[in-house]
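Undergrad: I need the structure of the sequence given here:
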Amino acid sequence: MKDLYCMLEREVLPAFGCTEPIALAFAAAKAVEVLGEFPSSLHADCSGNIIKNAKSVTIPNADGRTGFYYSLILGAIVGDASKELEVLEGLTSDDVKRADELFESNFCTVSLAEGVANLYIAVTAKTADHEVKVTVQQKHTNITHIEKDGEVIFDMPLEQILAEEVQMTFDDCYEFAEEADFKRLKELLHRQFEYNMAIAEEGMKNSYGSNIGKLIIEDSASIADKARAYAAAGSDARMGGCSMPVMINCGSGNQGITLAVPIHVYAEEYKVPEERRYRALALANVLALYIKHDIGRLSAYCGVVSAASATAAGIAYLLNEPKEVVWETLSNALVGTSGVVCDGAKASCAMKIGMSLGNALLSYRQAKSNNSFKNGDGIVKANIDETVHTVGRIARDGMRETDIVILESMIER
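TA: Purely as a prediction, here's the structure:
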């Protein structure tokens, strides 16, 4: 159980802006910090999934600027690497003007790194006399290598990082939700409710992206549609450049929003006691991390599908359904929507959140009415752990070529 507390501490974190652009800014900030002066040039080698997820999303406080070049340049200009995923929080209009000048001067270049982890950034910052390289892998702020003028300052093998990952089962997640210390859960998760509901409300009040959240709720008064509308609205705002922070899960703000907002909406509707709310949110968080362990942080598989599935299971738990209904909800949701592709962070993420949550909440109704899919129905397996691992294998291995085709399509002009 101790490992799951630690996992939540590492994974449910505040982030200012979409995490892939911010990871680029963080790596650039660290490179400049080690260099000790502003560079004459900046270059980044990035995995396809980093490029895909940083290509189109709006950077907060950057006057509508988007993309990986601006993320790197702004990180170099104002980045404070100690702030990690809040690295661009202090961005000013003067910084943006300077970034425009550097963008036009070809100060920054980016290339696709092949044969690397799905989450990989290597930033090289140069002056006339010095050169620094900083590598980030596996997690958005996980520095694995630093070298200056050819001398290695820090190195952590990727194998060591992978060995530290927590292994768990559905029963481990459920037991944690049931038995974890409530006060500690509240300390770990209270900002996830607070921050993520705040940006959801902002998305419902103002115009961001394609306003998917508002469109969902326009002609509906159901609690299910309210839950998915508010979650989608949070994504509308986040992908649209809103400067409000979000508590992430598995490196993703959209996944963090998808997990917290519907549980809060249902808890308010049904006047669920505070402790049960936090236990349900804890369950949803650890289930989402459990599912993503096999899938990987970045892939062709849309992460909000796994998050929405975990959320529906959390809602079933929130409303005191039997354990069997909780895991059947998770199974139904995963097999019903797996296959939705990730084509990067941008406005349409909100639509995928709305769709995935709609399917996941239907899966909850399916489970509690004794209509769940049975073993052998497509990819449904005899128990929930086998189903989760099957989905992970499909996403990680089966969709690898899909990811390449998506990336090729996105970089076409």
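
Undergrad: please, where are all the strands along the stretch 151-300 of the chain?
TA: With strands called from DSSP state E, counting those that start in this stretch, the stretch 151-300 of the chain shows them at 151-155, 246-247.

Undergrad: let's have these in CSV, adding distance to residue 15, mean neighbour count and mean pLDDT.
TA: The C-beta positions use only the backbone N, C-alpha and C, and glycine is treated the same way. Written out in CSV, the entries for those read as follows (distance: least, CB to CB, whole Å; neighbours: other CB atoms under 10 Å; pLDDT from 0 to 100):
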stretch, distance to residue 15, mean neighbour count, mean pLDDT
strand 151-155, 23, 11, 95
strand 246-247, 6, 28, 96
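
Undergrad: could I get the ones you listed as a markdown table with distance to residue 300?
TA: Written out in a markdown table, the entries for the strands of the stretch 151-300 of the chain read as follows (distance: least, CB to CB, whole Å):
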| stretch | distance to residue 300 |
| --- | --- |
| strand 151-155 | 30 |
| strand 246-247 | 23 |
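
Undergrad: relative to residue 5, which of those is closest?
TA: Across the strands of the stretch 151-300 of the chain, residue 5 has its closest neighbour in strand 246-247 (16.0 Å, CB to CB).

Undergrad: other SSEs contacting the closest one?
TA: Counting contacts by 3 or more CB pairs under 8 Å, 6 or more residues apart in numbering; DSSP states H and E, strand 246-247 is packed against strand 14-15, helix 182-205, helix 253-269.

Undergrad: export these to TSV and tack on mean pLDDT and mean neighbour count?
TA: Rendered in TSV, the data for these read as follows (pLDDT from 0 to 100; neighbours: other CB atoms under 10 Å):
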stretch	mean pLDDT	mean neighbour count
strand 14-15	90	21
helix 182-205	97	19
helix 253-269	97	27
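
Undergrad: need those in CSV with distance to residue 175, can you?
TA: Formatted as CSV, the entries for the helices and strands packed on strand 246-247 read as follows, by distance: least, CB to CB, whole Å:
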stretch, distance to residue 175
strand 14-15, 28
helix 182-205, 14
helix 253-269, 19
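
Undergrad: tell me which of these sits nearest to residue 348.
TA: Proximity of those to residue 348 was assessed by CB to CB; the nearest stretch is helix 253-269, lying at 11.0 Å.

Undergrad: before we move on, the earlier item: nearest to residue 278, out of the helices and strands packed on strand 246-247?
TA: Each of those was scored for nearness to residue 278 using CB to CB, and the closest is helix 182-205 (4.6 Å).

Undergrad: who's in contact with that closest one?
TA: By CB atoms under 8 Å, 6 or more residues apart in numbering, the list of residues contacting helix 182-205 from outside reads 5, 8-9, 12, 14, 208, 213-214, 217, 229-238, 240, 242, 244-247, 256-257, 259-261, 264, 274-275, 277-279, 281-282, 285.

Undergrad: check the offset of that helix from the chain's centre.
TA: With CA atoms, centre = their mean, to the nearest Å as the basis, helix 182-205 stands 15 Å off its chain's centre.

Undergrad: and what of stretch 7-27?
TA: For stretch 7-27, the gap between its own C-alpha mean and the chain's C-alpha mean amounts to 8 Å (CA atoms, centre = their mean).

Undergrad: give me the buried positions along it.
TA: Buried residues in stretch 7-27, counted by 16 or more other CB atoms under 10 Å: 7-8, 11-27.

Undergrad: tell me the pLDDT of residue 1.
TA: Residue 1 is assigned a predicted lDDT (pLDDT) of 64.

Undergrad: mind listing what the residue minimising distance to the centre of the chain touches?
TA: The structure's the chain has its C-alpha centroid closest to residue 252; by CA atoms, centre = their mean the separation is 1.1 Å. With contact taken as CB under 8 Å, 6+ apart, residue 252 is in contact with 19, 297, 303, 307.

Undergrad: for the last one, identify the helix or strand it belongs to.
TA: Read it as residue 307. helix 303-318 (DSSP states H and E).

Undergrad: point out where the chain drops to low pLDDT.
TA: Applying pLDDT under 70 to the predicted model, the residue ranges of the chain that meet it are 1-2, 160-164, 410-413.

Undergrad: contacting residues for the closest residue to residue 113 other than its chain neighbours?
TA: What sits nearest to residue 113 in space, not counting adjacent residues and going by CB to CB, 6 or more residues apart in numbering, is residue 45, at 4.1 Å. Residue 45 makes contact with 110-113, 120-122, 124, according to CB under 8 Å, 6+ apart.

Undergrad: got phi/psi on residue 45?
TA: Residue 45 has phi and psi values of phi -100, psi 120 when expressed as degrees, to the nearest 10.

Undergrad: look up which residues are beta-bridged to it.
TA: residue 111, residue 122 (DSSP bridges).

Undergrad: quick check: it vs residue 305, distance?
TA: Remark: distance between residue 45 and residue 305 (CB to CB, to the nearest Å) = 29 Å.

Undergrad: mind listing the helices for the stretch 51-200 of the chain?
TA: Counting by DSSP state H, counting those that start in this stretch, one finds helices in the stretch 51-200 of the chain at the ranges 67-78, 93-104, 158-163, 170-179, 182-205.
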